[in-house]
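Engineer: return atomic coordinates for the entry below.
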Amino acid sequence: QLVESGGGLVQPGGSLRLSCAASGFTFDRYTMGWFRQAPGKEREMVSCISSRDGSTWYADSVKVRFTVFRNNAKNALDLQMNSLKVEDTAVYYCAATLFPGSCIEPVYDYWGQGTQVTVSS
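Structural biologist: Purely as a prediction, here's the structure:
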């Protein structure tokens, strides 16, 4: 099970930190990812982090602004989002896959319910 939290309404230029609590599987064996889906658009990868060495990947649109963290001891995944833009508005999902270092959506086995992030003035 994956449960996201931390979403909300923020002004452009602001920050939010999303969290994902994992349970029911061996967290430290899974590559973890953040995905998002904006209204009328397909779901897209935001960031992912490997289980082994903590390698990270980011979509070009969020590089430098977003940072992904994982704490294997606490079965937790976070996404620090800075300098938020209106176009970051979306439902954000965390997800897990056993494929090492994969950021490809179809291989993700477990998904959270999502948390809404709205960036608006």
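Engineer: leaving out chain neighbours, which residue sits closest to the spatially most central residue of the chain?
Structural biologist: For the chain, the residue sitting closest to the mean C-alpha position, by C-alpha atoms, centre = their mean, is Trp34 at 2.2 Å. Excluding the flanking residues, the one nearest Trp34 by C-beta to C-beta, 6 or more residues apart in numbering is Val46, at 4.3 Å. C-beta coordinates here come from the backbone N, C-alpha and C atoms, glycine included.
Engineer: surely that neighbour meets Gln37?
Structural biologist: No. In this structure Val46 lies outside contact range of Gln37 using C-beta atoms under 8 Å: 10.3 Å.
Engineer: those two: which is more packed in?
Structural biologist: Val46 (25 against 14; other C-beta atoms under 10 Å).
Engineer: quick one, what contacts the more buried one?
Structural biologist: 33-36, 58-59, 62, 66, 79, 92 (C-beta atoms under 8 Å, 6 or more residues apart in numbering).
Engineer: the residue nearest to Trp34 looks like it's in a strand, true?
Structural biologist: Yes. When DSSP: H, G, I helix; E, B strand; the rest coil is applied, Val46 is found to be in a strand.
Engineer: give me the contacts around stretch 7-16.
Structural biologist: By C-beta under 8 Å, 6+ apart, stretch 7-16 touches 6, 18, 80-86, 92, 115-121.
Engineer: the strands in the protein, which residues?
Structural biologist: 2-5, 8-10, 16-22, 31-37, 44-49, 56-58, 66-71, 76-81, 90-97, 110-111, 115-119 (DSSP state E).
Engineer: okay if I get these as a markdown table plus mean pLDDT?
Structural biologist: Formatted as a markdown table, these follow (pLDDT from 0 to 100):
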| stretch | mean pLDDT |
| --- | --- |
| strand 2-5 | 97 |
| strand 8-10 | 97 |
| strand 16-22 | 98 |
| strand 31-37 | 97 |
| strand 44-49 | 96 |
| strand 56-58 | 96 |
| strand 66-71 | 96 |
| strand 76-81 | 98 |
| strand 90-97 | 97 |
| strand 110-111 | 96 |
| strand 115-119 | 98 |
